[in-house]
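Colleague: I would like to see how this sequence folds:
(chains A and B)
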Amino acid sequence: TQLLEQSPQFLSIQEGENLTVYCNSSSVFSSLQWYRQEPGEGPVLLVTVVTGGEVKKLKRLTFQFGDARKDSSLHITAAQPGDTGLYLCAGNQAGTALIFGKGTTLSVSS
Amino acid sequence: NAGVTQTPKFRVLKTGQSMTLLCAQDMNHEYMYWYRQDPGMGLRLIHYSVGEGTTAKGEVPDGYNVSRLKKQNFLLGLESAAPSQTSVYFCASRATSSHEQFFGPGTRLTVL
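Modeller: Okay, the predicted model is just below:
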């Protein structure tokens, strides 16, 4: 059972466009993380959101945690080729391990 | 600090062969994890450890064994490799006080 559904699975856009990636679940998470993975490397943490309704910004990236702590979104403003990569959301249900979504592959062309 | 390192980076095995993947971390983390990553499947947890001498099964443990004899090392073993185990394997570690996982660079394994 896939507890975290990410959409879209693939996204190909032009430099300068905006985009939003979604991470949805029917389960409640105590926290949710977003990771970015570049080809040939391991995932790297971008942000952790903990409080329902929380919004965090990291330069052109805006992360939001849903009020009910069941979903999250990642919005990128004015995408650049350097944003290309695999974006993974991961939820923590107060256990010892994270539950990962299948990821969104983003390609930004100049 | 090297962070999380994995050896080897690449390996090709024949069906039935065995091998061990080594993960090492120098951050004094208690928790360590082994994942496999397949196209369109995301990261799936194989086994994990909450401290030296402990191991536990994850989502897809069959065909794999692990050991955590030293706090800084987490070994993943394949006793009899199968083509279905062709994948990229990632090791990760984290501190007790945080859920941020630090990942190694991965091992690309092909089983023919």
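
Colleague: rest of the way, CA atoms for contacts and neighbours
Modeller: Noted.

Colleague: where's the residue of chain B found nearest chain A relative to A:Glu41, distance?
Modeller: Across chain B, the shortest distance to chain A (Cα to the nearest Cα) belongs to B:Gly42, at 3.8 Å. B:Gly42 sits 14 Å away from A:Glu41 when distances are taken as Cα to Cα, to the nearest Å.

Colleague: before we move on, back to that, next one, pLDDT for the residue of chain B closest to chain A please.
Modeller: In this model, B:Gly42 is scored at 87, pLDDT.

Colleague: And for it, the neighbour number?
Modeller: By other Cα atoms under 10 Å in any protein chain shown, the residues close to B:Gly42 number 19.

Colleague: What residues does it make contact with?
Modeller: Listed by Cα atoms under 8 Å, 6 or more residues apart in numbering or on different chains, the contact set of B:Gly42 reads A:Leu88, A:Phe100, A:Gly101, A:Lys102, A:Gly103.

Colleague: residues contacting the nearest residue to the third one once chain neighbours are set aside?
Modeller: Leaving aside its chain neighbours, A:Gly101 sits nearest to A:Leu4 (4.9 Å; criterion: Cα to Cα, 6 or more residues apart in numbering or on different chains). Contacts of A:Leu4 were listed using Cα under 8 Å, 6+ apart, and they are A:Cys23, A:Asn24, A:Ser25, A:Cys89, A:Ala90, A:Gly91, A:Ile99, A:Phe100, A:Gly101, A:Lys102.

Colleague: What subset of these is buried?
Modeller: Buried residues within the contacts of A:Leu4, defined by neighbour count using 16 or more other Cα atoms under 10 Å in any protein chain shown: A:Cys23, A:Asn24, A:Ser25, A:Cys89, A:Ala90, A:Gly91, A:Ile99, A:Phe100, A:Gly101, A:Lys102.

Colleague: Within range of chain A, give me the residues from chain B.
Modeller: Chain B comes close to chain A at residues B:40-44, B:50, B:90, B:99-106, as judged by Cα under 8 Å from any Cα of the partner chain.

Colleague: and with 10 Å instead?
Modeller: Contact residues (Cα under 10 Å from any Cα of the partner chain) of chain B with chain A: B:4, B:31-33, B:37-45, B:47-50, B:58-59, B:88-92, B:96, B:99-108.

Colleague: Show me what counts as buried in stretch A:71-90.
Modeller: A:71-76, A:79-80, A:83-90.

Colleague: Tell me the helices and strands packed up against the lowest-mean-pLDDT helix or strand in chain A.
Modeller: Between all helices and strands in chain A, the lowest mean by mean pLDDT, DSSP states H and E belongs to strand A:98-100, at a mean of 90. Counting by 3 or more Cα pairs under 10 Å, 6 or more residues apart in numbering or on different chains; DSSP states H and E, the packing neighbours recorded for strand A:98-100 are strand A:31-37, strand A:85-92, strand B:42-49.
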